[in-house]
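S.K.: pasting a predicted model and its sequence here:
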Number of protein chains: 2
Amino acid sequence: MRTAFIIMDGLGDLPSPKSPLAMAKKDNMDFLAEEGMLGMFYALGRGVVPGSDTSHLIIFGYGLDCYPGRGPIEALGAGVVLKEGDVAFRTNFATVDSRGAIVDRRAGRIATEEAKKLEKLLQGIEVDGYEFIFKSTVEHRGVLVIRGDGLSSDVGDTDPHRIGIAALECMPKNEGEGAKKTAHLVNYFIEEAAKRLQGKKANYILVRGAGEHKKVESFSKKFNTKAVMAAGGAMYKGVARYVGMEAPDIEGTTGDANSNYGNKADYAIKSKAELAFIHIKATDSYGHDGNCIGKRKIIERVDTEVVGRIREEFDTIIITGDHATPCSLKRHSGHGAPLLAYGSSVGKEPSDYFSEIEGERGALGHIEGLELNHMLMDWMGKSRKVGS
Amino acid sequence: MRTAFIIMDGLGDLPSPKSPLAMAKKDNMDFLAEEGMLGMFYALGRGVVPGSDTSHLIIFGYGLDCYPGRGPIEALGAGVVLKEGDVAFRTNFATVDSRGAIVDRRAGRIATEEAKKLEKLLQGIEVDGYEFIFKSTVEHRGVLVIRGDGLSSDVGDTDPHRIGIAALECMPKNEGEGAKKTAHLVNYFIEEAAKRLQGKKANYILVRGAGEHKKVESFSKKFNTKAVMAAGGAMYKGVARYVGMEAPDIEGTTGDANSNYGNKADYAIKSKAELAFIHIKATDSYGHDGNCIGKRKIIERVDTEVVGRIREEFDTIIITGDHATPCSLKRHSGHGAPLLAYGSSVGKEPSDYFSEIEGERGALGHIEGLELNHMLMDWMGKSRKVGS
């Protein structure tokens, strides 16, 4: 008994006149719809607009009380092995002028290879026994982790999200020693980094999204189930690694529309895990762009390159999104994602078509938050009875 | 205005290709479906797998915070009148060899009459002012109640659920005096019982499922409604008695497939109660056995022997299950139970057929936990307005 769980990011959409999912030619998904059941999934409840990190945490069966903030998720996605109490930030390489005013928040969207060279200059920074781990990821983006005793993530961003002014000083958000200490360390790192980057185009580091790494119970322990995650986007690997799932860097997967979906499917098949999550980012990206045709084409690729490939290998197949990113709105929305569940322990309804409307009227109904995880675990025969 | 509420235990099922409920010839239920409304009921929420005790508590309108554990429910079902603070256990007559190793956890499934004789040997055991109430029920099964001040149910089982080894000593699960005292008393009883049973085949008592009896507000007080329960299975009578309902032993009712359903219907009719629950166990038993045809036949019997009989006597009729026990899974599951509600204050939808699919797509929607009790009380005109 193996289960595949396909998450098409931002899948949910509005009719205009038909949604990308409704328009897509997708014989494999429609076959599963005919043999399975449909519903709608709202990761954070009806009408609530989820981020992708929080919604994935919910899909994995962890409540928002487990959410550590974006910094640790990005750091884990970048391959940093975090320790409990580490405070992590997202960073940008930026360009500042001689007076310290920000000229470009992304240092001219510096190339990834170029940023990797600069990363080397920022290694080995330490002070008072505190360690700074800096890693660049894609283009100007990167992560900063501060390691040591008594830190707090309750500190502000330095990125003012504007140009023409100086970066903000990192400020504690409470009176405690931990926040003061952490803000001091961030400012120390930024100053030291600026010295080392002097003369470069990318001559400054902006930080934001402080979060403290917490140790949560691993997925395998919490649910007595071995699960893996096939994703290209670092953030999605980060959420999976946060809950202790294997989420390797898979060749050719990028988190972009050019990602190699077949390699994700192959990894899921070969992993032998009882539960394999497969994440597709580009549906969301095209939603943000307002590109209905692009979104539809990604769904069609997923149908053949993922669903067609795994159909024979998994007994139970779930397909949904983490949230809606309607092309007409070009943003995440609270409309929810259509949900398809197929498998011998799921049930069956007379429906021959996977779309938002079929989902909204589907027999599974409107599923909110952790309910989907409960249902998944029940379908997999992994639930524990409450009472006797 | 009288309401009948029929609970077919483990009613919910999966299509294979049709569910037992969908296959059953059930003119009375289908008539009520045509004149009423359909939905799905999930006692503990979507995907959560309920026990029968917890789900009945929820149906009666009591949250899980009122759940005392299985011991008190079984003791009440066995006819013991419990006092607040009593600690109750489920017991097995077992057979141990001369070295104390368990040879048979059920003493060869000793006959009920034989066990009743042994029960007599175990009366009048007392120590330090604590009283032991032992009652055998069906075959090797029974209950033990310890009565006295300062007891705690936070003690372990002695039943190792294995043979070839000695029974466990009852151990306190916390450092408190109550748990230590209770464990000590359990061990005392077991030793004393072993002396009295010496030489018999059933020469040992195993205990499990400790629970402390709490006094909850009675159903009649909480809902200003007189309710009764017609059930054969002791556990179901136990839950009803726990909330203060009348739940008598009705002639010919057994909790098995051979139970006299007509006598349950007659009791419900004659009780004159405003709300009569009627419980049918065998749907669940056949689900556990994977016997679809057996399950279907029970539903057909309920249709004629219960629904047909009460239709003219009650204004409002609710039919559902406490949970699903799909024949294909042979276990309780989180799929929920189809729900039928009929009555002048319920409403009506164009549906002419009672089944899981019709329920899932029904106009009542997906009802979770205490919502069903709220709707029931509203249909009965017993709800109090919130606000003014």
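M.R.: In hand now; what should we look at?
S.K.: for residue A:5, grab phi and psi.
M.R.: Phi and psi for residue A:5, reported as degrees, to the nearest 10, are phi -130, psi 100.
S.K.: OK, contacts around the closest residue to chain B within the stretch 151-300 of chain A?
M.R.: Nearest to chain B, among the residues of the stretch 151-300 of chain A, is residue A:223, at 12.4 Å (CB to the nearest CB). Backbone N, C-alpha and C define where each C-beta goes, glycine included. Contacts for residue A:223 (CB atoms under 8 Å, 6 or more residues apart in numbering or on different chains) come out as A:61, A:377, A:382.
S.K.: likewise for residue A:348?
M.R.: Applying CB under 8 Å, 6+ apart, we find residue A:348 in contact with A:35-37, B:14-15, B:17.
S.K.: sitting in helices, which of those do you find?
M.R.: The helices, defined by DSSP state H, take in residue A:35 from the contacts of residue A:348.
S.K.: export the contacts of residue A:348 as CSV, with columns for pLDDT.
M.R.: CSV is the format used below for the contacts of residue A:348 (pLDDT from 0 to 100):
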residue, pLDDT
A:35, 95
A:36, 96
A:37, 97
B:14, 96
B:15, 87
B:17, 82
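S.K.: element containing the closest residue to residue A:56 other than its chain neighbours, please.
M.R.: Closest residue to residue A:56 apart from its sequence neighbours, by CB to CB, 6 or more residues apart in numbering or on different chains: residue A:239 at 4.3 Å. Following DSSP states H and E, one finds residue A:239 within helix A:234-242.
S.K.: quick check: residues of the stretch 251-388 of chain A near chain B?
M.R.: Neighbours of chain B within the stretch 251-388 of chain A, by CB under 8 Å from any CB of the partner chain: A:344-350, A:361, A:363-367, A:371-378, A:381, A:383-388.
S.K.: mind giving me the PyMOL select for those, buried ones only?
M.R.: Of those, the buried ones can be selected in PyMOL as follows, counting by 16 or more other CB atoms under 10 Å in any protein chain shown:
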select buried, chain A and resi 344+345+346+347+348+349+363+364+365+366+367+371+372+373+374+375+376+377+378+383+385+386+387+388
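S.K.: out of the residues of the stretch 251-388 of chain A next to chain B, which are inside strands?
M.R.: A:365-367 (DSSP state E).
S.K.: what values do phi and psi take at residue A:20?
M.R.: Dihedral angles for residue A:20 - degrees, to the nearest 10 - are phi -50, psi -40.
S.K.: buried ones in stretch A:49-69?
M.R.: So, applying 16+ other CB under 10 Å, buried residues of stretch A:49-69: A:50-62, A:66-69.
S.K.: can I get the CA coordinates of it in CSV?
M.R.: Output of stretch A:49-69 as CSV, limited to C-alpha atoms (Å, rounded to 0.1, in the frame of the first residue of the first chain):
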residue,chain,number,x,y,z
VAL,A,49,-5.3,33.3,2.5
PRO,A,50,-2.4,30.9,3.2
GLY,A,51,1.3,31.3,2.5
SER,A,52,2.9,28.4,0.9
ASP,A,53,5.0,27.5,3.9
THR,A,54,2.1,27.5,6.4
SER,A,55,-0.2,25.6,4.0
HIS,A,56,2.5,22.9,3.5
LEU,A,57,2.9,22.5,7.2
ILE,A,58,-0.8,21.9,7.5
ILE,A,59,-0.8,19.4,4.7
PHE,A,60,2.0,17.5,6.5
GLY,A,61,-0.2,17.4,9.6
TYR,A,62,1.4,20.1,11.8
GLY,A,63,-0.6,23.0,13.3
LEU,A,64,0.4,26.6,13.0
ASP,A,65,1.8,26.5,16.5
CYS,A,66,4.7,24.5,14.9
TYR,A,67,5.5,27.3,12.3
PRO,A,68,9.0,28.6,13.0
GLY,A,69,8.8,31.6,10.6
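S.K.: of the ones in strands among the residues of the stretch 251-388 of chain A next to chain B, just say which sits nearest to residue A:304.
M.R.: Residue A:304 lies nearest to residue A:367 out of those, by CB to CB, at 27.0 Å.
S.K.: and the closest one, bridged to which residues?
M.R.: residue A:41 (DSSP bridges).
S.K.: tell me the confidence at it?
M.R.: Residue A:367 carries a pLDDT value of 98.
S.K.: which positions in the stretch 1-150 of chain A make contact with chain B?
M.R.: Counting by CB under 8 Å from any CB, the stretch 1-150 of chain A sits next to chain B at residue A:37.
S.K.: look at the residue lying closest to residue A:190 once chain neighbours are set aside and give its secondary structure.
M.R.: Residue nearest to residue A:190 in three dimensions, not counting chain neighbours: residue A:205, with 5.6 Å by CB to CB, 6+ apart. What DSSP: H, G, I helix; E, B strand; the rest coil gives for residue A:205 is strand.
S.K.: need the contact list for residue A:205.
M.R.: Per CB under 8 Å, 6+ apart, neighbours of residue A:205: A:91-94, A:122, A:134, A:142, A:144, A:189-190, A:193-194, A:197.
S.K.: circling back to that earlier point, and the next helix or strand past the helix holding residue A:239?
M.R.: Note on helix A:234-242: by DSSP H and E, the next helix or strand toward the C-terminus is helix A:261-270.
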